[in-house]
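# Sequence and predicted structure, then a few things I'm wondering about:
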Amino acid sequence: MEPLRSDGRYVAAGGDPAGTAGTAADDGPGQSFPVPDTGVPVRPGPLDILFVGILPPQRGGGGISCGELVSGLGQLGHRVRALAPIPEEALRAGDAFASAHPEVEVRRFLVPAYTIDPLLPPPAGYREREHRQIQEMLPAMVGAERPDVILIGRGAFVLDVPDIARAHGVPTVLRSAGATSIGILDGLFPTGHAAELLRQYHKVDLIVCPAVHLAERLRQAGLSRVTVIPNSVNDQLFTPQPKNPQLLRHLAIPAGHVVVLHASNLKPLKRPFDLVSAAARAVGRSTGLTYVIVGDGPLRADIEQACRVEGVAEHLRFVGWVDYAEMPMYVNLADIVVMPSEGEGLSRVYLETMACGRVLLASDIPAAREAIRDGQTGVLFRKGDVADLTAKLLWLAGNPELRTEIGRRARQHAQTRELGRTVAQYASVLREVAR
């Protein structure tokens with residue numbers, strides 16, 4: 001698949017090259033959960049797909065992943081309609097995604113500005129407003145032109161979409177990226193809310209997970225219709241490049257410093273305070289480290305305050321959100337990318353780091369073990385163990401040759417997670433469900 005252009009578009013290869021539906025999996029055997037064969041012939045020709053989920057300008061990996069997916073499906077020749085939220089101020093500035101992607105017929109409903117995260121409480125009235133608009137707009141869209149299949153691109157939307165789809169006889173596929181499912185499985189939601197979400201999960205015809213560990217846990221929770229399509233990376237956009245000298249100067253990074261980067265929406269699940277604590281320990285043993293924090297979120301002010309309390313504020317650079325087109329430049333600025341997460345589905349940052357030939361230092365959680373081979377294509381540390389994180393960080397910082405070798409192998413592995421392959425696998429699964 002060609003790289004993203006400056007307008008956020010890429011050109012997909014023609015046709016549906018996915019082959020047999022439901023065979024998307026990670027590298028090893030026995031890691032996929034096939035779509036059941038109903039005996040009904042597969043629907044020929046282009047599909048009419050109705051997507052209900054998040055799209056850019058939604059911040060974070062979910063919006064980017066869904067945007068790449070629906071654009072890719074449209075460029076494969078399928079008709080793709082989308083119903084997605086957008087803050088009023090973003091719409092007033094012009095819907096850049098819709099303008100850049102004429103292959104997707106985008107309809108928006110207005111919501112207050114909010115970093116969408118199922119594990120964080122939204123502003124007062126947000127869910128009611130979201131629910132009301134989906135209940136008004138989605139039945140009208142389905143009734144006007146019945147789609148072959150509805151693709152749900154946000155976990156919380158299962159509270160509305162499956163019931164509407166069933167009323168019109170339309171099958172549904174849920175793209176379960178991780179946060180909502182982790183919230184259900186790990187007891188992070190109130191009991192009643194988790195039970196309601198799980199009931200709605202059972203109404204979906206197929207759940208697609210980005211990682212085997214998540215699919216296995218959903219199956220253990222009694223959800224049998226689950227398959228795996230691994231997250232992907234555009235390895236022509238995220239490619240090894242020298243550090244940008246202008247960006248180094250802009251961030252006032254001293255010459256010769258090892259750059260440690262963290263990129264996230266700065267929420268509790270990402271455990272960003274572990275990095276602050278590790279920085280405080282490392283500064284006493286090595287002054288040649290500068291930390292760059294890309295992203296924003298509910299914990300940012302507290303993290304900056306913790307940096308001041310720990311006496312390491314001068315060593316950290318808080319960048320905030322950056323345009324996604326600039327992310328390769330920031331990843332390539334890093335020598336080491338640290339992800340201390342409590343849990344992940346399969347983080348895009350993992351793959352983007354590897355595609356740029358940089359070293360990923362990640363907490364030892366199932367998602368990271370699925371993405372890398374410890375010491376070969378990345379490095380793991382014990383989750384929540386700041387001493388271990390600090391030791392591994394200093395070890396990597398002091399071994400540039402090791403970083404180069406790990407980065408080289410990581411890049412090779414990332415090239416097996418090509419974006420076009422993922423889009424084609426989704427097309428195949430959607431076609432199977434739409435029988």
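Right, received. Where do you want to start?
# which non-adjacent residue is nearest the residue nearest to the spatial centre of the chain?
Centroid-nearest residue in the chain: Gly61, 3.5 Å away (criterion: C-alpha atoms, centre = their mean). Distances taken as C-beta to C-beta, 6 or more residues apart in numbering place Arg348 nearest to Gly61, at 4.1 Å, with adjacent residues excluded. (C-beta placed from N, C-alpha, C; glycine too.)
# Give me the contacts around the longest helix along the chain.
Across the chain, the helix with the greatest residue count (assigned by DSSP state H) is helix 126-144. Helix 126-144 is touched from outside by 50, 52, 81, 83, 85, 107, 109-112, 114, 150, 156-157, 159-161, 164-165, 167-168, 170, with contacts defined as C-beta atoms under 8 Å, 6 or more residues apart in numbering.
# and what of stretch 153-162?
Taking C-beta under 8 Å, 6+ apart as the rule, stretch 153-162 contacts 51-55, 62, 66, 69-70, 84, 116, 118, 127, 131, 134-135, 138, 150, 152, 172, 174-177, 179-181, 196-197, 200-201, 203-204.
# Buried only: go through those residues for me.
51-55, 62, 66, 69-70, 84, 116, 118, 134, 138, 150, 152, 172, 174-177, 179-181, 197, 200-201, 204 (16 or more other C-beta atoms under 10 Å).
# all strands for the stretch 101-250 of the chain, in order.
Per DSSP state E, counting those that start in this stretch, the stretch 101-250 of the chain carries strands over the ranges 104-111, 149-153, 172-175, 206-209, 226-228.
# mind showing which ranges of the stretch 151-300 of the chain have poor pLDDT?
The stretch 151-300 of the chain contains no residues with pLDDT under 70.
# could you pull out the helices for it?
Secondary structure of the stretch 151-300 of the chain (DSSP state H, counting those that start in this stretch): helices at 161-167, 179-185, 191-201, 212-220, 245-250, 272-283, 300-310.
# And the second one, what does it pack against?
Helices and strands in packing contact with helix 179-185 are listed as helix 191-201, helix 212-220; criterion 3 or more C-beta pairs under 8 Å, 6 or more residues apart in numbering; DSSP states H and E.
# Am I right that Ala113 is in contact with Arg92?
No - using C-beta atoms under 8 Å as the test, Ala113 is too far from Arg92 to be in contact (11.7 Å).
# Could I get the contacting residues of Ala82?
Contacts of Ala82 (C-beta under 8 Å, 6+ apart): 50-53, 55, 70, 104-107.
# Check those and tell me the two furthest apart.
Taking C-beta to C-beta, the two most distant members of the contacts of Ala82 are Gly53 and Glu105; they sit 14.4 Å apart.
# neighbours around the residue nearest to Gly61, how many?
23 (other C-beta atoms under 10 Å).
# what kind of secondary structure is Val319 in?
strand (DSSP: H, G, I helix; E, B strand; the rest coil).
# and the gap between it and Met141?
Distance, Val319 to Met141, using C-beta to C-beta, to the nearest Å: 38 Å.
# now do Thr377
43 Å.
# ok, now Ala93?
From Ala93 across to Met141, the span is 25 Å (C-beta to C-beta).
# Among these two, which residue is more densely surrounded?
Using other C-beta under 10 Å, the more surrounded residue of Ala93 and Met141 is Met141, with 19 against 10.
# Quick one, grab the pLDDT at the more buried one.
The score at Met141 is 98. That number is its pLDDT.
# again with Ala113
For Ala113, pLDDT reads 76.
# again, but for Leu50
98.
# ok, it - contacts?
Applying C-beta under 8 Å, 6+ apart, the residues near Leu50 are 81-83, 141-142, 147, 149-151, 170.
# please redo it, this time with the cut-off set to 6 Å
The contact partners of Leu50, taken as C-beta atoms under 6 Å, 6 or more residues apart in numbering, are 81, 147, 150.
# I'd like those residues laid out as JSON lines, including pLDDT.
Below are the contacts of Leu50 laid out as JSON lines (pLDDT from 0 to 100):
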{"residue": "Arg81", "pLDDT": "98"}
{"residue": "Pro147", "pLDDT": "98"}
{"residue": "Ile150", "pLDDT": "98"}
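# okay if I get the residues you listed as CSV plus distance to Thr416?
Below are the contacts of Leu50 laid out as CSV (distance: C-beta to C-beta, whole Å):
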residue, distance to Thr416
Arg81, 32
Pro147, 32
Ile150, 30
